[in-house]
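Asker: Take this sequence and fold it.
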Amino acid sequence: MSIERWLTVAGVTTWLVSALPTLLRIIDGNMSRQGVIVWAIAFPLFGIAFGAMCLHRPGPWRRPPVRLVLLVLQTLASLAMTSAAPDIFPAATLVVVAGQLDEVSQRVAATWIFVQTLALAVISLLMVRPVLALAIAGSFGGFQTFAYVTASLTRRERLARQALTHAHTELLSTRALLAESSRNDERLRISRDLHDTLGHHLTALSLQLDVASRLTDGKASEHVQQAHAITRLLLGDVRNVVSELRGVTRFDLAGALRHLAAGVTGIEIRLDLPAVLEIEEGVRADAVLKCVQEIITNTRRHAAARHLWIALERSAEGITVRARDDGRGTNTIEPGNGLTGMRERFDALGGRIECRSSDGRGFEVHGFMPATFTS
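Answerer: Reported below is the predicted structural model:
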């Protein structure tokens, strides 16, 4: 089980266990009617708000303003439970709130913890002596700080791990295309060397043997003609080898994309690809691969999505790229360096990129890249 799951289980356990002393007092009739009403409202409110914060699937609760409201509701519910109960146990839920403040800035989190601690000190003064109230507030302030730091470090470690995994996967997927491109360049170099050196020398030798066959007679002429024939045969073999080395190189784009998607964490990627998708030009294959990499990166960073669908279709004209996610979307698309780079790569090769999105309906990318395909 992941660390985030452990923190969620710890939060739920703290919320439930902190209610046990209050429930016993309610059963024994040792709480006022007003306190019971306040506690009965605040306790489930905290649980609902905390549960919404822990949901990982897409929805309105994933939006930053909504999550901020959920945190405020938890704080208010926690303070209400603490003030309504005749003991200090419900204050433990303030620590749960502090463990979720890793989503806000450090300054906001510090202010939030200070306000919660100050409010707890005021509530404690109504129950116990000032010295004890100060000790309670200070202790819970320390617990809150510890919970916040733990959650922040966990979040940073998770993001760093995801970024490292994603970068490693991108490197491996790009390496396959680069290796094939390097092999193609080396074959072209060898073919040029064979053509420019061995081919020229064999051609000169063939001409000399042709002249020699005309100037000799008898058995010597027969041997010269045989040598001439062998030279022509060898020259033909060299030309065949050069033609094969100069043959079309095919880049396995489908394999690179599947390898790329397999190493992505944080979202579920569903690929719809042909069984074989090969592009003859490395620069075009690299442009499509970089486009898909940028789509995945933007989705992980900005979309707050759970799923990403990527489909590639081929036709006689070229390759079509379609991608969409189930994230929060936006009504205003402001292209950053990533989207701008995608458009520049496709435009330079005669292709195009279009983006569409709306608030709450995810983000879509449609692209077209002219290419020559083989099966």
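
Asker: If I look at L178, what pLDDT would I see?
Answerer: Per-residue confidence at L178 stands at 65 (pLDDT).

Asker: can you pull out the strands in the chain?
Answerer: With strands called from DSSP state E, the chain shows them at 251-252, 268-272, 278-279, 307-314, 318-325, 352-357, 363-370, 373-374.

Asker: In CSV, list the ones you listed along with mean pLDDT, distance to L234 and mean neighbour count.
Answerer: Placement of C-beta: from N, CA and C, glycine included. Formatted as CSV, the entries for these read as follows, by pLDDT from 0 to 100; distance: least, CB to CB, whole Å; neighbours: other CB atoms under 10 Å:
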stretch, mean pLDDT, distance to L234, mean neighbour count
strand 251-252, 70, 33, 21
strand 268-272, 88, 49, 14
strand 278-279, 72, 34, 24
strand 307-314, 90, 41, 18
strand 318-325, 90, 42, 21
strand 352-357, 90, 50, 16
strand 363-370, 90, 41, 20
strand 373-374, 46, 32, 14
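
Asker: out of those, nearest to I37?
Answerer: Closest of the strands of the chain to I37 is strand 307-314, at 42.8 Å (criterion: CB to CB).

Asker: Parallel or antiparallel, which strands does the closest one pair with?
Answerer: Under the criterion DSSP bridges, strand 307-314 sits next to strand 268-272 (parallel), strand 318-325 (antiparallel) in its sheet.

Asker: Now do stretch 104-112: distance to the chain's middle.
Answerer: 27 Å (CA atoms, centre = their mean, to the nearest Å).

Asker: Touching that stretch from outside, list them.
Answerer: For stretch 104-112, the surrounding residues in contact (CB atoms under 8 Å, 6 or more residues apart in numbering) are 68, 71, 75, 97-98, 101-102, 148, 152.

Asker: Let me know the pLDDT of the closest residue to R25 other than its chain neighbours.
Answerer: Closest residue in space to R25, ignoring its immediate chain neighbours: M31 at 5.0 Å, by CB to CB, 6 or more residues apart in numbering. Taken from the predicted model, the pLDDT recorded for M31 is 82.

Asker: Repeat that for D193.
Answerer: Per-residue confidence at D193 stands at 65 (pLDDT).

Asker: Stretch 87-101: end-to-end distance?
Answerer: By CA to CA, to the nearest Å, the extent of stretch 87-101 from end to end equals 26 Å.

Asker: just to revisit the earlier point, nearest to A262, out of the strands paired with strand 307-314?
Answerer: strand 268-272 (8.5 Å).

Asker: Give me the residues contacting the closest one.
Answerer: Taking CB under 8 Å, 6+ apart as the criterion, the residues outside strand 268-272 that touch it are 257-258, 261, 296, 306-312.

Asker: same deal with stretch 44-57?
Answerer: Residues lying outside stretch 44-57 but in contact with it, judged by CB under 8 Å, 6+ apart, are 8, 11-12, 15, 61-62, 67, 70-71, 73-74, 77-78, 81, 93, 96, 100, 306.

Asker: got any ranges where the stretch 51-200 of the chain has weak pLDDT?
Answerer: Where the stretch 51-200 of the chain drops to pLDDT under 70, the residues are 57-61, 162, 166, 168-188, 191, 193-200.

Asker: where do the helices sit along it?
Answerer: 64-84, 92-98, 106-125, 130-193, 200-215 (DSSP state H, counting those that start in this stretch).

Asker: Reformat the ones you listed as CSV; add mean neighbour count and distance to R328.
Answerer: Converted to CSV, the helices of the stretch 51-200 of the chain look like this (neighbours: other CB atoms under 10 Å; distance: least, CB to CB, whole Å):
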stretch, mean neighbour count, distance to R328
helix 64-84, 19, 9
helix 92-98, 25, 24
helix 106-125, 17, 21
helix 130-193, 15, 18
helix 200-215, 14, 66
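
Asker: V288: which of those is closest?
Answerer: Where these are weighed against each other on CB to CB, the nearest is helix 130-193, at 9.9 Å.

Asker: so what's L68 up against?
Answerer: Under the criterion of CB under 8 Å, 6+ apart, the neighbours of L68 are V104.

Asker: ok, now with 10 Å
Answerer: In this structure, L68 makes contact with 103-104, 108, judged by CB atoms under 10 Å, 6 or more residues apart in numbering.

Asker: Closest one to E278 out of the residues you listed, please.
Answerer: Using CB to CB as the measure, the one of the contacts of L68 that approaches E278 most closely is E103, at 44.0 Å.
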